[in-house]
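Enquirer: Pasting the sequence and the predicted coordinates here, then a few questions.
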Amino acid sequence: MPKGTKKRRRTSASPGEVAAESPAGVQAEPIDVPHRRKKRRKLVKNLTEEAVVANEPEKLLGKRKKRKAMAAAAEAKEVPPQWPFKVDAADHCETPLAAYKDLEPLLERLAEHLGKPKARLRIYDPYFCTGRVKEHMAALGFPRTRNRCEDFYGAVDAGTIPPFDVLVTNPPYTATAAAQGRHSIFFGCTDHVERILRYCGSSEKPCALLLPSYVYMKHYFAPLTKDRRVAFLEPAERYTYEAPRLAVAKDAHGAGRNKKTRRTAPFASFWYLLAQRGGSGAGGEAPWWRRQTSQPGVGTGGPSKDAADARIHAQKDLPMHLRDASDPSRRKKSWWEKKAPRVGRGGQQLCTQCGQVFGNCKHTREEHVASTFFDF
């Protein structure tokens, strides 16, 4: 072969070579050439799409494509409910079970105050997403939880709110509510948080609202809660919210949710406890979240101390890590405290940049692997 010429790559075998290599009576398979590979990829793609449409992922070729098709078929089955009210795509997030577990002992105390078992306690959640709150509360022993796909603001204006013992809800945090009429208590307000506080201020029932940490610094919080005693329940851990597997669920920037962005915890949140009217503590009567021993021969009738009481704080006693950044009473960390190693409540070392457990984030993963490898 002359110099400077490239050797041409063979893409197929000659008939003589195929006949020599294949046994007698057996048809030889053709060599997989590039244009045939493209045809095969196109065929596999078409089979994948047909299987997803027909909801038959078992026809797919390969385990990876089978898993993808099953996930797509599962998401196609979850049809979003037809909400009879205006919704925001960024508000589609479900309350975690851990938040209801923190509130469970306080709801049991409320049932004791009302003289009924916890299974008979009527809980009302006016904001509907997918109805998972009923499953969580039933698992904790509160089967009488009402959470239906209905217009809460319209029901308040019409006076058709069902009877309940306590209002437990996690309202939307956006300010995109539909405008109400002049005779409504929600007139001139589009913020969902302000609206639910308006309703709680006009109601006589106890309330437990899961709200962000900055709400108590809003201009409307103090006027709307001046007639009610307010306390805050410190969470055992930071609550992480999970968006449902719906195509309409979006993040704050309008992007669709995926496997990585479905679970989110953009800010600290905790339970805001509002006492019932007449139970503000005047006259020695304790609010519903405090346990009171009123049985004869048991104590003196005063409120008893419990492990859950240590996590209930007034606004002036709110821990520094739960205070909002705009709170003037929040003490700023010194330079030495910022540079010192961060330690979690369980004694685990935390990352100084993002606050995650040491070794779980991108800032400390390599250091954690190196320290584990050389620790002998």
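Expert: Received the coordinates, thanks.
Enquirer: When you work out contacts or count neighbours from here on, use the C-alpha atoms and nothing else.
Expert: OK.
Enquirer: Tell me, how many residues neighbour P206?
Expert: 22 (other C-alpha atoms under 10 Å).
Enquirer: Return the residues in contact with the closest residue to it other than its chain neighbours.
Expert: Sequence neighbours aside, Q276 is the residue nearest to P206 in space, at 4.4 Å (criterion: C-alpha to C-alpha, 6 or more residues apart in numbering). Q276 is in contact with E204, K205, P206, C207, R228, P287, W288, counting by C-alpha atoms under 8 Å, 6 or more residues apart in numbering.
Enquirer: Including pLDDT and secondary structure, could these go into CSV?
Expert: Putting those into CSV (pLDDT from 0 to 100; DSSP: H, G, I helix; E, B strand; the rest coil) gives the following:
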residue, pLDDT, secondary structure
E204, 90, coil
K205, 93, coil
P206, 94, coil
C207, 95, strand
R228, 88, coil
P287, 87, coil
W288, 89, coil
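Enquirer: quick one: which of those residues is nearest E135?
Expert: Within these, the smallest distance to E135 is 20.0 Å, found for C207 (C-alpha to C-alpha).
Enquirer: show me what contacts L103?
Expert: Residues counted as contacts of L103 (C-alpha under 8 Å, 6+ apart) are W271.
Enquirer: in what helix or strand does it lie?
Expert: For L103, the host element (DSSP states H and E) is helix 97-114.
Enquirer: Ok, F142 next?
Expert: In this structure, F142 is located outside every helix and strand according to DSSP H and E.
Enquirer: shaky segments in this structure?
Expert: Along the chain, segments meeting pLDDT under 70 span 1-91, 244-262, 278-285, 292-307, 345-346, 367-376.
Enquirer: Let me see the ranges of the helices in the protein.
Expert: Remark: helices assigned in the chain by DSSP state H are 15-21, 34-53, 63-77, 97-114, 132-139, 152-158, 192-202, 221-224, 335-339, 365-373.
Enquirer: Give me the buried stretch members for the fourth one, please.
Expert: Think helix 97-114. Residues of helix 97-114 classed as buried: 97-100, 102-104, 106-113 (neighbour count, 16 or more other C-alpha atoms under 10 Å).
Enquirer: okay, the angle between it and helix 132-139?
Expert: Between helix 97-114 and helix 132-139, the angle comes out at 60 degrees (axes from the mean of the first three to the mean of the last three C-alpha atoms, to 10 degrees).
Enquirer: Would you mind writing the CA trace of the helix holding L103 as CSV?
Expert: Output of helix 97-114 as CSV, limited to C-alpha atoms (Å, rounded to 0.1, in the frame of the first residue of the first chain):
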residue,chain,number,x,y,z
LEU,A,97,-45.4,12.9,58.4
ALA,A,98,-42.7,14.1,60.8
ALA,A,99,-44.6,17.4,61.3
TYR,A,100,-47.7,15.6,62.3
LYS,A,101,-45.8,13.4,64.6
ASP,A,102,-44.5,16.4,66.5
LEU,A,103,-48.0,17.7,66.8
GLU,A,104,-49.5,14.4,67.9
PRO,A,105,-49.0,14.7,71.7
LEU,A,106,-50.5,18.2,71.7
LEU,A,107,-53.6,17.0,69.9
GLU,A,108,-53.9,14.2,72.5
ARG,A,109,-53.9,16.9,75.2
LEU,A,110,-56.6,18.8,73.4
ALA,A,111,-58.7,15.6,73.3
GLU,A,112,-58.2,15.3,77.1
HIS,A,113,-59.3,19.0,77.5
LEU,A,114,-62.5,18.2,75.5
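Enquirer: From Q180, how far out is T145?
Expert: Distance of T145 to Q180, computed by C-alpha to C-alpha, to the nearest Å: 27 Å.
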